[in-house]
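**Student:** With the input below, show me the fold.
(chains A and B)
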There are 2 protein chains.
Amino acid sequence: MANPLLSDRDVDFLLYEVLEAEALCRLPWFADHSRETFDLYLRSARRLARELLFPAYRPMDEAPAALRDGRVRLHPAMKEIQAQLASLGVVAASRPAEVGGQQLPHTVAAAASLYLMAGNLSAAGFVGLTTGAAHLLESFGSEELKRTYMDRMYAGEWTGTMALTEPQAGSSLADVRTRARPTPEGHWLLDGAKIFISGGDHDLGGNVVHLVLARIEGAPPGVRGISLFCVPRERPEGGRLVPNDVRVTGLIHKIGWKGLPSLALAFGEEGDCRGWLVGEPNQGLAQMFQMMNEARIMVGCNGVATASVAYHEALEYARTRTQGRPLGAKDPARPQVPIVEHADVRRMLLRQKAIVEGGLALVLAAARLADLAERAEGEEERRRAHRLLDLLTPVVKSYPAEAGFESNALAVQIHGGYGYSSEYLPEAWLRDQKLNSIHEGTTGIHGMDLLGRRALAGEGAGLKLLGAEIAAAAKRAARAGLDPAWGEALLAAAGRVGEVTLELAARGMAGDAEGMLLHSTDYLEAFSLVAVGWQWLLQAAVAREGLARDTASAAFYQGKLLAAEYFLKTELPEAERLLALCRSGEDSYARMKPEWF
Amino acid sequence: MANPLLSDRDVDFLLYEVLEAEALCRLPWFADHSRETFDLYLRSARRLARELLFPAYRPMDEAPAALRDGRVRLHPAMKEIQAQLASLGVVAASRPAEVGGQQLPHTVAAAASLYLMAGNLSAAGFVGLTTGAAHLLESFGSEELKRTYMDRMYAGEWTGTMALTEPQAGSSLADVRTRARPTPEGHWLLDGAKIFISGGDHDLGGNVVHLVLARIEGAPPGVRGISLFCVPRERPEGGRLVPNDVRVTGLIHKIGWKGLPSLALAFGEEGDCRGWLVGEPNQGLAQMFQMMNEARIMVGCNGVATASVAYHEALEYARTRTQGRPLGAKDPARPQVPIVEHADVRRMLLRQKAIVEGGLALVLAAARLADLAERAEGEEERRRAHRLLDLLTPVVKSYPAEAGFESNALAVQIHGGYGYSSEYLPEAWLRDQKLNSIHEGTTGIHGMDLLGRRALAGEGAGLKLLGAEIAAAAKRAARAGLDPAWGEALLAAAGRVGEVTLELAARGMAGDAEGMLLHSTDYLEAFSLVAVGWQWLLQAAVAREGLARDTASAAFYQGKLLAAEYFLKTELPEAERLLALCRSGEDSYARMKPEWF
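**Tutor:** Here you go, the predicted structure:
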């Protein structure tokens, strides 16, 4: 059976049974939409993902983007993919009609993108980056920048990048050194080096539009002196495009995502790299956070998609590969059984299902919060959604990356010796997945962001909202007839997250920021288990309700209920140990000196 | 600083302070040895590993062994490596002098091999396989087989393989189909296909000697009808070597270990593949277990070595790469600090140290048990050592593979975006490590082996011995002045392992084998944490004693104490959750049906 990338039944379940995506159409902003338009878009994306993107995945993995004569050559399959993605209108799917978008809810656009990512992460990567960069121009750019760049980007003609990282600074944006000098003509002259710029060059035709963080001469040091510039690879001049002094200085030999080049770029080596200020001076980082927050949710989707495609591959393999016999029926004269019959293989598959479908529920829930934060009718509802989304963003970014990596490793393991060979695909997805714990902020950084900032924002307003959501899910689950112990366990764990947050905040208030944040990665992991547990409890409740109504889907709902049970009884209890560690003050690595290793 | 592969100070600590390797020289078998001969051998292996094997690692990873015209071409660097390894006498280092060996303790030979593995897993792989195969001939082969094959293998002239796996059978050895027919001349005619045969062909010169599991015509079905054969690639005939009808039918494109080819082989396609029976008919599997048990300990060493070299790489990177500033000292005008100063980076490094050095202590302890099991003076001491080694073998095999993979992933993570590129080595070691949870029995199989067989053998005699060892370590630690809570926590965890073992055994006795073994992978993981915890407690005790005696090593001992504290307070408590799961009866994946996924 061909790999479905994601389960259509599951995506429909999440969209229409759990998240009630159709209800979004009652909001004025989405009034022109309906389940029909959603499904039309989803169907097109699914088809494109399965028929065009996925078949190109292995060829692109085997023949990576390459640097020749200073220019990047993509795999030839990318041309057709890019054209088809443009004609589907993917780049601006969730953008307003007035800028040429389809004005679809993020919820639906994300679901569609997940198929594209699962089919071909690199191809989808160009889209996500372009959407994010164009959206920066939409939010903060001048009319001229919008007409010159944004329109073409949303139309899928030109692509975009985010150019933040520099070799000497890495994650430390305070140390960005790229300089911008004003000119009397109104543009700025850029000068500096960036690294790890995904999609920073290509041969697809069109242009590349870099959204660059740089420092205006004389700006304050640190993150308060960073501004945002629009810097095209070629600039329009006299009705044509001329080179803009942006040079590709190196191509990173990434271990995955091989169709999407990651580049080192030099801006202004010849003193003629022109950029245009986006928004106000020194507001660059604040503005870039719009794209970074979007990118974090996108990375969460990447992680889910990459775990999903591997899970489906492993599932099919386990259902068809015969080996060994059941315990207590070892007669070698009897035929061997499919390995899915072995309990430990089912354990690995159920763990993958729990991670993949729990992660999927979480990222789609986040997308729905993004819709409500922007488009809900009442100010209060918009604020609530925004707060909850803000809180969940580090979890949405990191859980699929970290748990997804384990899930991808299990897909390799299920394939046994074959999984260790590049004739099978799971190893490629394992390589792809590793990036997600690194780019757009490492897991460690997101742990500090969650505990040090987001969990405490508004006096813990986000945490209270999450608690209320969990309480509602627990009620619904019990009402549906599920063992109330499931909800109670989750509520207890959520309660402990709250207690630990307060304890640690008090430690920070008392001046011990190191002590407060010492276990922030453990905190993030525990928090993630609670958040994904919430999504599993909710799914279980809806599945239990569905079971009473829709007998044709009984197998699907039974699977949901068992995966929920597995997650809540096997994975969630790990939060207990992690939270105990957070509050224990265990500080071995704080006391460890570099020379003692 | 050049990567040391393993820490010499740590290896010396384990050999001479923890395991008291010199005391082995008081046993008659090792009477010709002394610390001087041990160190001489170790020094040579270290030098070879650092100066010859490690520099060839990346070239071999980049230009894998290839199949051309039906023959395997290794990387050219392998010729010199093979010659140097032969002249060091590595293949027979631990074999008796009477067969040309150096009669070194396994403890010392393993320590030396760990450097070779850390330097170049593939090159060391040829050695380990050859030792194991020749040892089968030493134990079970006729004089003629020993003179014809074993001698040349121990001398490093010919290499050996273990040929168990078949395409249709995988881990299920009961389904081995390769046939052997007797001939009046005394040899047998082999006929069948094998897959995943490491080192199954090469162009190093010399011969390849396969130790093949096959079924004598008319033998009983299943594992009771399997015999062991010596099947050379070329057979000696009339004073020269002639082809023996063994054909390479395919080369697996492995994702790591790229210098060591993994092959599909066809035996007897032309009806002229001759083999010689090793030992008695139908005893093949029992005999092969000698090599399999040795190979499992070897895999444990592979796992430790692969995690170790990556840990040292990450440590050096973290000490030299500057990025960001300490919490509370964010002034961007101040220089950035080495990332080892960040708590979360130290956490990742300390976790790696705990896994690497805990795993190293465990594999060397196992090697010492192998020495005592064979060479201790009293029958009772030999039996005790054998029992404990038998119990620990699945842990020795699996812990370094599983925890080592996490450790290797952390080495990538510490390198940030650079870690995701093949310009840096950590990603290569991550690929290498993945094999160790698959070959020589998957982790799932070892879980069942531990709980279903080894933990219960001799009415739990091994478990009782382990308990006594842990109690002794706890006493020693408290006497040395360590917080008695460390030992108490470990004793409590070990006690719970015992309780859970009895409970699960009772379930099995009552006829519920599925229920008994349902969580055997969780059981293996919990057991591993206790076993490695034991090694850390012991190391902490010895380090504390050393600190009072040897101030020049204070930094080293302090590091040991903190790593022990980290492990016992952070990793060990995870055993609690896992054991609770084992006894809970949580059976979601037992109830999950294949069609519900």
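
**Student:** Verify the contact between A:H439 and A:I195 for me.
**Tutor:** No. Contact criterion Cβ atoms under 8 Å: A:H439 and A:I195 do not qualify, at 12.0 Å. Glycine gets a C-beta too; all of them are placed from N, C-alpha and C.

**Student:** Need the overlap of contacts for these two.
**Tutor:** B:G417 (Cβ atoms under 8 Å, 6 or more residues apart in numbering or on different chains).

**Student:** Run through the bridge partners of A:S198.
**Tutor:** Assessed by DSSP bridges, A:S198 has beta-bridge partners A:S262.

**Student:** which residues sit in contact with it?
**Tutor:** Taking Cβ under 8 Å, 6+ apart, we find A:S198 in contact with A:125, A:129, A:161, A:257, A:260-263, A:439.

**Student:** From the residues you listed, pick the one nearest B:M153.
**Tutor:** Set against B:M153, the nearest of the contacts of A:S198 by Cβ to Cβ is A:W257 (44.6 Å).

**Student:** So the closest one is in contact with A:S122, correct?
**Tutor:** Yes. Using Cβ under 8 Å, A:W257 is in contact with A:S122, at 5.1 Å.

**Student:** Show me which residues of the stretch 151-300 of chain A are close to chain B?
**Tutor:** For the stretch 151-300 of chain A, the residues in contact with chain B (Cβ under 8 Å from any Cβ of the partner chain) are A:165, A:168-172, A:174-175, A:195-196, A:221-223, A:252-256, A:262.

**Student:** now those: which count as buried?
**Tutor:** Buried by 16 or more other Cβ atoms under 10 Å in any protein chain shown: A:165, A:169-172, A:174-175, A:195-196, A:222-223, A:252, A:254-256, A:262, out of these.

**Student:** Now the stretch 1-150 of chain A against chain B: closest residue?
**Tutor:** A:S7 (9.0 Å; Cβ to the nearest Cβ).

**Student:** Now do the contacts for the nearest residue to that residue once chain neighbours are set aside.
**Tutor:** Once flanking residues are discounted, A:S7 sits nearest to A:H312: 7.4 Å by Cβ to Cβ, 6 or more residues apart in numbering or on different chains. By Cβ under 8 Å, 6+ apart, the contact set of A:H312 is A:3-7.

**Student:** ok, these vs B:L24, which is closest?
**Tutor:** The shortest approach to B:L24 among those belongs to A:N3, at 54.9 Å (Cβ to Cβ).

**Student:** Quick check, pLDDT for the residue nearest to that closest one when sequence neighbours are not counted.
**Tutor:** Nearest non-adjacent residue to A:N3, counting by Cβ to Cβ, 6+ apart: A:H312, 5.1 Å away. Each residue has a pLDDT score; the one for A:H312 is 98.

**Student:** Secondary structure element holding A:H312?
**Tutor:** Per DSSP states H and E, A:H312 falls inside helix A:284-320.

**Student:** Name the residues of the next helix or strand along the chain from that helix that come out as buried.
**Tutor:** Sequence-wise, the next helix or strand downstream of helix A:284-320 (DSSP H and E) is helix A:343-375. In terms of neighbour count (16+ other Cβ under 10 Å), helix A:343-375 has its buried residues at A:343-373, A:375.

**Student:** Assign A:A506 to helix, strand or coil.
**Tutor:** Reduced to three states with DSSP: H, G, I helix; E, B strand; the rest coil, the structure at A:A506 is helix.

**Student:** Any idea how many residues pack against the closest residue to A:F140 other than its chain neighbours?
**Tutor:** Among residues not flanking A:F140 along the chain, A:G279 sits closest, at 3.6 Å (Cβ to Cβ, 6+ apart). Using other Cβ atoms under 10 Å in any protein chain shown, A:G279 is surrounded by 19 other residues.

**Student:** need the contact list for A:G279.
**Tutor:** A:G279 makes contacts with A:139-141, A:228, A:287, as judged by Cβ under 8 Å, 6+ apart.

**Student:** Compare those residues and tell me which has the most neighbours.
**Tutor:** Within these, A:L228 tops the neighbour count with 31 neighbours, counted by other Cβ under 10 Å.

**Student:** Surely that residue is in a strand?
**Tutor:** Yes. Assessed with three-state DSSP, A:L228 lies in a strand.

**Student:** Report whether the expected contact of it with A:I216 is present.
**Tutor:** No. The criterion here is Cβ under 8 Å, and A:L228 misses it with A:I216 at 10.6 Å.
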